[in-house]
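>>> give me the fold of what follows.
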Amino acid sequence: MNLGRSNLGAAVFQCARHYRKNPTLWEAALWQRLRHKQLGVRFHRQKVIAGYIVDFWCPAWKIAVELDGAFSHDAAADAKRDAVLEQMGIRVLRFRNDVTPDAIVCDIILDHQWLEKKKTPRGVVSAARERTA
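Below is the predicted model:
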């Protein structure tokens with residue numbers, strides 16, 4: 001999958017590197033639960049995809065995990081970004097920073113099981129993740 005590196009300036013990659021070296025407390029806590037293939041697949045931190053930096057990226061499951069912090073976010077920009085990633089076949093899971101890392105990991109696993117194995121009913125919505133229409 002072409003993640004768009006050839007079309008981007010070095011500034012985006014420098015920004016991603018800065019974010020990897022200076023994670024928020026919530027990003028650092030979640031990374032401790034995702035690193036070293038603890039879920040059986042590899043995750044990347046602050047990965048550049050199609051010109052956007054995603055907090056966590058799992059290429060095997062095509063899942064991008066976003067932690068929304070206390071800063072005000074531009075909902076329209078987030079929706080545009082999510083649409084671009086979803087057009088690439090990437091599922092975007094967005095969480096608030098006040099959700100515990102363990103709850104996020106559980107939701108990632110449930111979402112993957114639902115997509116891949118259809119074991120979770122479509123109507124079930126996790127309390128951990130905010131789903132937007």
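
>>> got the contact list for residue 37?
Going by Cβ atoms under 8 Å, 6 or more residues apart in numbering, residue 37 touches no other residue. Using the backbone N, CA and C atoms, a C-beta is placed for each residue, glycine as well.

>>> does it count as helix, strand or coil?
With DSSP: H, G, I helix; E, B strand; the rest coil as the basis, residue 37 sits in coil.

>>> and the gap between it and residue 65?
According to Cβ to Cβ, to the nearest Å, residue 37 stands 15 Å off from residue 65.

>>> over to residue 109?
Plainly put, residue 109 is 12 Å away from residue 65 if you go by Cβ to Cβ.

>>> longest single helix anywhere in this protein?
Looking across the chain with DSSP state H, the single longest helix is helix 101-117.

>>> what helices and strands are in contact with that helix?
helix 25-34, strand 63-68, strand 91-96 (3 or more Cβ pairs under 8 Å, 6 or more residues apart in numbering; DSSP states H and E).

>>> tell me which residues of that helix are tucked away?
101, 104, 105, 107, 108, 110, 111, 112 (16 or more other Cβ atoms under 10 Å).

>>> stretch 54-66 too?
54, 55, 56, 57, 58, 61, 62, 63, 64, 65, 66.

>>> pLDDT on that stretch, on average?
Regarding stretch 54-66, the rounded mean pLDDT is 95.

>>> low-confidence ranges, the chain, go.
1-8, 70-72, 117-133 (pLDDT under 70).

>>> name the residue closest to the centre of it, please.
Residue closest to the average C-alpha location in the chain (Cα atoms, centre = their mean): residue 65, at 1.3 Å.

>>> which strand residues bridge it?
Residues in a beta bridge with residue 65, per DSSP bridges, are residue 56, residue 93.

>>> residues contacting whichever strand or helix holds residue 86, please?
Using DSSP states H and E, residue 86 sits within helix 75-87. By Cβ under 8 Å, 6+ apart, the residues outside helix 75-87 that reach it are 49, 50, 52, 54, 64, 66, 92, 94, 132.
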